[in-house]
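*Asks:* When you get a sec, could you give me coordinates for this:
(2 chains, ligands or ions: 2)
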Amino acid sequence: MKLKGAEILLQCLKQEGVDTIFGYPGGQILPVYDALYSSDIRHILVRHEQGAAHAADGYARATGKVGVCISTSGPGATNLVTGIATAYMDSIPMVCFTGQVGTSFIGKDAFQEADITGITLPITKHNYLIERTEDVAKIVKEAFYIARTNRPGPVVVDLPKDVMEREIEYEPDREEVNIKGYRVMKGFNTGQVITAVEMIKEARRPVIYAGGGVIASNASAELRELAEKRKIPVTATLMALGCFPSLNYLSLGMLGMHGTRYANYAMGESDLIIAVGVRFDDRVTGKIDGFAPNAKIIHIDIDAAEIGKNVNINVPIVGDVKEVLQAINKRLDEVEGSSEWLTAIDRWKDEFPIRYPASVEGRIMPQEVIERIYQRTQGEAIITTEVGQNQMWTAQFYKFKHPRNFITSGGLGTMGYGFPAAIGAQIACPDKKVIDIAGDGSIQMNIQELGTAVEYKLPVIICILNNQFLGMVRQWQGLFYEKRYSFVDISHQPDFVKLAEAYGAIGIRVKKVEEIDDALNRAFETTDRPVVIDFWVEREADVFPMVPPGAALTNMLGGGLK
Amino acid sequence: MRNHTLAVTVENKPGVLTRVATLFRRRGYNIDSLTVGTTENPGISRMTIVVQGDESVIEQVTKQLYKLVDVIKIVDVTNERAVDRELVLIKVKADNTVRADIVQIVDIFRARIVDIGRSSLIIEATGDSGKIDAIEESLRPFGIVELVRTGKISMVRGTK
Ligand SMILES: Cc1cc2nc3c(=O)[nH]c(=O)nc-3n(C[C@H](O)[C@H](O)[C@H](O)COP(=O)(O)OP(=O)(O)OC[C@H]3O[C@@H](n4cnc5c(N)ncnc54)[C@H](O)[C@@H]3O)c2cc1C
Ligand SMILES: Cc1ncc(C[n+]2csc(CCOP(=O)(O)OP(=O)(O)O)c2C)c(N)n1
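*Replies:* Residues are numbered from 1 along each chain as shown, chains lettered A, B, ... in the order given. Ligands and ions are numbered 1, 2, ... in the order given. All right, here's what the predicted structure looks like:
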């Protein structure tokens, strides 16, 4: 069969099970768009390539499948970069296709040439420049394989125009991927598992510190089995919220800089930390010397380079979370009754619940909006966030029930991520309610995607916690720079209701607490277009409690009375 | 802190050197020297990387290098019985009054004179880093005009 490179590419995508791609066309990627014209792969036309990358990422996080996006060369490709870096930092499987100038023009500063493989080298798991049409099938297969196996991550595939245009004789092959320098991790060290089991049996104050690896490994059930069998409290990183139900009596909520006091206190007192698919991020550990000073640490991670990277580990187990937890669970019996440890934790929970002060002038407290969203959804929705206070309040006040229902940019902290990610999640899960909890700053970074959401009739709800500040930065200036609010006032802003309407979406403004539920109800009843709710909230509310930068985890500020 | 020598087998593909170099730069590891060359297999190249750091740094370097898809194998040859070689070319000032002295030094180190100019000589030497350092030091009093070292290549002894 004679096929063009572009046609081979699309055939390969179908072989990989790709049903949807997010993209934006341009000159050098024309051959692929021409092939897409008559393909049954669904292409979602975004309004900015960054939106395509985040949407593909949101799609991946919601489903566990590889997200796919595509752009033209030069500016199209560079517009993807923030999205690629976001996925890289959070270990999200993605394949990004970029147009490239013809092979004979490469290196000549041709029109719209950018060295995208060079640019993305440090923010991809791997990348490729396809130089021959004959290599298309093999490289595409490798790209998907690398993106989704072991520790997942984004892979960029650069497609020169002539490589896509050339016709060659093509037969699909079923060969297995075989890359000399890349092996899929199988199995684990049983001796280490046995040591870990013994330590778990002997521990008196154990804590499970669960991370994004639990979600990547689809191991929520195994995690829950371990926790419930041995009555071990579980704290989750921002990336893992939902991997263990927030309402379970063993849940400690999030740990770290804006975690709960009881999670951080538990880490401080613990004698055994079972770290599962985590990377000991500085937002979690605080000052390293003060991190879990009384505990031995078991660390399960598929990436050997994560072990001992930031914190010394007593029992490293390199392997897949699901497999390793199964092996551990098999060797452990159930324990009955409560323990002094759980009693101590309950006392902390009573004494230091997550709470927030009442509003001063009858303004809506942003935290209350989150609580109402939780009440309306009962935890049965996909929640995305932007970055800043909106993100932290969501982590603190929304009660997550299921994995893959909380989608947020943790590692890179990308403002403008939440809305396009919500679009990707809504495309992936048309039957779920998808809500982006946003700040008024962040939402303006990719607001143009309202066009996409309206075009595809996506009923995503955007809840803007509008404090007319770059709130998180203002909070730091308030706490650490003597309230010198330097360039954080963004009260010059569009009328978000009118803006929504201009795009063909619904806009609702909410200024009073009494209006919150009605607005949410109206938004939930809308099924054919996005809804923007502009909540005017208390301008100077802060996220508490908080571990100040450089302090030990147990050294928390704030968290006042309700 | 000491130097470690890593023998790294990589795919012979464009961009591999950049990937390795970018990794070292990004993670802040110090490269002392890096050599690349082909091997008996045309698809495979061999890098010899001399890197500074304590055991934990070397462990991280190794693990991070392994994550590069084009890296096939890494052997830390520091503590292995290995043959290490460097090549150096040294242009040294040499008028008639000192030529004999220089020739003597060249003989002692089993180096070679590969070019003779009116007032200088080019000397070629191979050996482990210690020997290269020593010859450099011995010639320094005469005045070194130019010096270039290749960096180290290593091979483990025996059948391993
Ligand atoms: C404003 C802001 C504030 C923040 N505050 C906090 C905070 O208070 N608390 C907090 O927790 N975070 C916070 N974060 C997020 C933080 O920056 C990190 O993104 C997060 O802590 C990392 O989560 P993680 O350790 O679960 O690792 P992830 O980034 O989710 O990494 C996953 C780990 O699991 C491993 N893994 C992947 N797949 C598998 C598998 N199949 N089997 C085994 N292992 C696997 C990977 O190798 C990796 O080590 C904040 C972010 C922002 C933007
Ligand atoms: C792209 C990008 N630029 C800058 C920052 C730094 N930053 C972190 S939080 C924040 C403020 C966010 O403001 P807003 O979206 O209004 O949310 P709020 O904190 O008020 O909830 C800024 C500027 C960032 N994380 N991302």
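
*Asks:* Output the residue of chain B whose distance to chain A is smallest.
*Replies:* Of all residues in chain B, B:K63 sits closest to chain A, at 3.7 Å by Cβ to the nearest Cβ. For the C-beta atoms, the positions are set from N, CA and C on the backbone; glycine is no exception.

*Asks:* Check for me that that residue belongs to a helix.
*Replies:* Yes: under DSSP: H, G, I helix; E, B strand; the rest coil, B:K63 falls within a helix.

*Asks:* Identify the residues contacting it.
*Replies:* Residues near B:K63 by Cβ atoms under 8 Å, 6 or more residues apart in numbering or on different chains: A:304-305.

*Asks:* separation between A:V95 and A:I288?
*Replies:* 36 Å (Cβ to Cβ, to the nearest Å).

*Asks:* pLDDT weak spots in chain A?
*Replies:* For chain A, the stretches with pLDDT under 70 are A:560-562.

*Asks:* picking up where we left off before, measure the residue of chain B closest to chain A to A:Y88 for me?
*Replies:* 17 Å.

*Asks:* Could you point out the longest strand of chain B?
*Replies:* For chain B, the strand with the greatest residue count under DSSP state E is strand B:82-93.

*Asks:* what's next to it, contact-wise?
*Replies:* When contacts are defined by Cβ under 8 Å, 6+ apart, strand B:82-93 is touched by residues B:5, B:77, B:102, B:114, B:119-129, B:132, B:135-136, B:139, B:142-157.

*Asks:* if we go to 6 Å?
*Replies:* By Cβ atoms under 6 Å, 6 or more residues apart in numbering or on different chains, the surrounding residues in contact with strand B:82-93 are B:120-126, B:128-129, B:132, B:139, B:142-150, B:152-156.

*Asks:* ditto for stretch A:301-311
*Replies:* By Cβ under 6 Å, 6+ apart, stretch A:301-311 touches A:150-151, A:185, A:279-280, A:299, A:313, A:316, A:318, A:320, B:63-64.

*Asks:* And that stretch, how far out from the chain middle?
*Replies:* Centroid displacement of stretch A:301-311 relative to its chain, using Cα atoms, centre = their mean, to the nearest Å, is 20 Å.

*Asks:* Most neighbours among the contacts of stretch A:301-311, which one?
*Replies:* A:H299 (26 neighbours; other Cβ atoms under 10 Å in any protein chain shown).

*Asks:* who does that residue bridge with?
*Replies:* Going by DSSP bridges, A:H299 is paired in beta bridges with A:A275, A:P316.

*Asks:* Now do the buried residues in the longest strand of chain B.
*Replies:* In terms of neighbour count (16 or more other Cβ atoms under 10 Å in any protein chain shown), strand B:82-93 has its buried residues at B:82, B:84-88, B:90-92.

*Asks:* Same check on stretch A:165-172?
*Replies:* Buried-residue list, stretch A:165-172, by 16+ other Cβ under 10 Å: A:165-166, A:170.

*Asks:* mind listing the helices for chain B?
*Replies:* Counting by DSSP state H, the segments of chain B that form helices are B:16-27, B:55-67, B:99-108, B:129-139.

*Asks:* burial of A:N127, as a residue count?
*Replies:* Residues lying near A:N127 (other Cβ under 10 Å) number 25.

*Asks:* repeat for A:I119
*Replies:* Counted by other Cβ under 10 Å, the residues lying close to A:I119 total 18.

*Asks:* Surely B:V10 touches B:V71?
*Replies:* Yes: taking contacts as Cβ atoms under 6 Å, B:V10 lies within contact range of B:V71: 5.4 Å.

*Asks:* surely A:M254 meets A:A395?
*Replies:* Yes: contact criterion Cβ under 6 Å: A:M254 and A:A395 qualify, at 5.2 Å.

*Asks:* Nearest residue to the residue of chain B found nearest ligand 1 in space, please, no chain neighbours.
*Replies:* For chain B and ligand 1, the shortest gap (Cβ to the nearest ligand atom) falls at B:K67, measuring 10.1 Å. Leaving aside its chain neighbours, B:K67 sits nearest to A:A305 (6.1 Å; criterion: Cβ to Cβ, 6 or more residues apart in numbering or on different chains).

*Asks:* Could you break chain B into its assigned domains?
*Replies:* Following automatic domain parsing, one gets these domains for chain B: B:2-76, B:83-156.

*Asks:* now these as a markdown table including distance to A:K2 and mean pLDDT?
*Replies:* Listed next are those as a markdown table, based on distance: least, Cβ to Cβ, whole Å; pLDDT from 0 to 100:
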| stretch | distance to A:K2 | mean pLDDT |
| --- | --- | --- |
| domain B:2-76 | 29 | 94 |
| domain B:83-156 | 48 | 95 |
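
*Asks:* Export these as JSON lines, with columns for distance to A:D333.
*Replies:* Converted to JSON lines, the domains of chain B look like this (distance: least, Cβ to Cβ, whole Å):
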{"stretch": "domain B:2-76", "distance to A:D333": "35"}
{"stretch": "domain B:83-156", "distance to A:D333": "48"}
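
*Asks:* what secondary structure does the residue nearest to B:K67 sit in?
*Replies:* When classified by three-state DSSP, A:A305 comes out as helix.

*Asks:* ok, it - how many residues close by?
*Replies:* Neighbours around A:A305, by other Cβ under 10 Å: 20.

*Asks:* Distance check, it against ligand 1.
*Replies:* Distance, A:A305 to ligand 1, by Cβ to the nearest ligand atom, to the nearest Å: 8 Å.
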